[in-house]
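Undergrad: Just a sequence and a predicted model for now, questions to come.
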Amino acid sequence: MRLFARILWIAAFLLATYSWMVAFEHGFGWKGFSAGFQTEWKNLGSVLSGKGLAEAQQNTAPAPTPTGGPSTGAKP
């Protein structure tokens, strides 16, 4: 019984970590989170199945470009 509880805790930790990663990368709104969850799940599945990271990266949406603020960090 103790092993079963340990497995459940590990599964809960992995799910929470995955969800936070998706939320920070794709947004905390339901629309962005659900779309990002599906995208990242497909990417994770392709990496684990052996298709490789190159094919997984082709399926991802491009990252948004940052706006505002200095890009070089130099003082004006």
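TA: Structure's in. What do you need?
Undergrad: ok, how many other residues are close to residue 26?
TA: 19 (other Cβ atoms under 10 Å). C-beta: built from backbone N, CA, C; applies to glycine.
Undergrad: Also residue 34?
TA: Other residues lying near residue 34 total 12 when counted by other Cβ under 10 Å.
Undergrad: Need the three-state assignment for it.
TA: Three-state call for residue 34 (DSSP: H, G, I helix; E, B strand; the rest coil): helix.
Undergrad: Use 20 as the first number from now on
TA: Right, with 20 as the first residue, what we last looked at is residue 53.
Undergrad: Could you pull out the buried residues of the lengthiest helix in the chain?
TA: Of all the elements of type helix in the chain, the one with the most residues (DSSP state H) is helix 21-45. Residues of helix 21-45 classed as buried: 41, 45 (neighbour count, 16 or more other Cβ atoms under 10 Å).
Undergrad: ditto for stretch 51-69
TA: Those would be 52, 55-56, 58-59, 62, 65, for stretch 51-69 by 16+ other Cβ under 10 Å.
Undergrad: In helices, which of those residues appear?
TA: 52, 55-56, 58-59, 62, 65.
Undergrad: can you redo these as TSV with distance to residue 36?
TA: Output for these, formatted as TSV (distance: Cβ to Cβ, whole Å):
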residue	distance to residue 36
52	15
55	14
56	13
58	17
59	12
62	15
65	19
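Undergrad: quick one: which of these is nearest to residue 30?
TA: Nearest to residue 30, judged by Cβ to Cβ, of those is residue 56 at 16.4 Å.
Undergrad: For that closest one, give me its contacts.
TA: 38, 41, 45 (Cβ atoms under 8 Å, 6 or more residues apart in numbering).
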